[in-house]
Each structure stands twice: as structure tokens, then as C-alpha cells.
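S.K.: fold the following for me, if possible:
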Amino acid sequence: KAVVSTQSTGAVELMTVQDVSQFGYFQRSSVQEFLKFTAQFMADRTAPGERKSVKEKEYICHTLVKSDKVGGVLICDEEYPQRVAYSFILKSLDDFCKHHPKSTWRGTPFPEVLEIKQQFDLFQDPRKADSITAIQGDLDETKVILYNTIEQVLERGEKLDDIVAKSENLSLTSKQFYKTAKSTNSCCTIL
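M.R.: As a prediction, the model looks like this:
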């Protein structure tokens, strides 16, 4: 996640929060440089008031530049929900501007803003950060449970059919037993 200021001379990095722990130790500095380059490249090519999402292999770069030329870039995997990505960018931009008014933008980049770092950690799992995504996840889980329940009912239905068929056979056998017993043993009477 990068907060940038787009100016006529190009995008200027104001703050960055990154998690490159999934990459090998010796790859991390190269990945960080690439993330910085991509963030500035995308911010330069996004007009104020616009948002863009660009896919590169299994990653997506979400870019949003507000009308005041302050923007955010979020690079994540392609499974991360787009709506949640833009929500995170907007929240981060608001928090950054609250902590660092434009009049203080002389020495860049700024250190991490604690609230943005906490949001970054929270937004690692979109279900925890976004109630709509959490509800969608719950609905998906409910569909799976319902599907499994229907399968179990069908299996039970098949087993019940077997039992019913066997009980019909048992009834015929019982009737046959009764007839045989009656003819063999005339002392039995049915009340």
C-alpha cells in the first residue's frame, strides 16, 4: 500500500506500508523496489478523480487518485475483493491526510501512520475488515452446508427406500410364516 501525491512532475511517494514476508529474504529488496516503481507508475497514469485496476499475472494493482491529487495504490493477489481494496485505499488516504496536512508535505516519505498500519494488518483478511464480505462468506458457507445437508438427506432417502423395500419383503415373509404356521399348527389363533 502506498500513499502518493500526483504532481505535474510525477507521483511522489508520501508513505508506504508493505508486507513482503511471503517472498524469500534475498528477493525482498527487489520486490520492494518493484512495488515502489509500480505504485508510482500507476499513480502517474491515473487522473484525479479516477480509479484503475490492472492485472499482472496473479496480482492486481488498484489505484485511486482523489480530486485533490492525493492517491493510493494497493497491490494484492487477484482473489482480493476489489470493493474492499478501494475501501481500504480511501480509509488510508483519509487517515493520512488527517495526520499529515498538505502544508507539512516537505520531507517525504513520511513514517507509517499507526492507524494505517493497523488497518493494513486488519485488511489482510477482507472478511474481518468488511462486513459485506463477511456476510458473503457466511452465505457461501451456508450454501455449502445446505448442499451437504441435501446430499445427506438424499443418502438417507435412499437408505429409507431400502428399508421400506425390505419391510415390504418382511411383510410378505411374515405373511408366508403365518400361513405356514397356521397350516402346520392349528392350535394358534389370531385375535
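S.K.: for the chain, which segments count as strands?
M.R.: Applying DSSP state E to the chain gives strands spanning 2-7, 10-16, 50-56, 59-65, 70-77.
S.K.: and the contacts of the fourth one?
M.R.: Strand 59-65 is touched from outside by 6, 38-39, 42-43, 45-55, 71-78, 80, 82, 85-86, 89-90, 93, with contacts defined as C-beta atoms under 8 Å, 6 or more residues apart in numbering. (Glycine included, C-beta is placed from N, CA and C.)
S.K.: so where do the helices sit in the chain?
M.R.: 28-44, 82-99, 114-122, 126-129, 131-184 (DSSP state H).
S.K.: redo the strands of the chain as JSON lines? Include distance to residue 98 and mean pLDDT.
M.R.: Shown next, in JSON lines, are the strands of the chain (distance: least, C-beta to C-beta, whole Å; pLDDT from 0 to 100):
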{"stretch": "strand 2-7", "distance to residue 98": "12", "mean pLDDT": "63"}
{"stretch": "strand 10-16", "distance to residue 98": "13", "mean pLDDT": "79"}
{"stretch": "strand 50-56", "distance to residue 98": "21", "mean pLDDT": "90"}
{"stretch": "strand 59-65", "distance to residue 98": "17", "mean pLDDT": "90"}
{"stretch": "strand 70-77", "distance to residue 98": "12", "mean pLDDT": "88"}
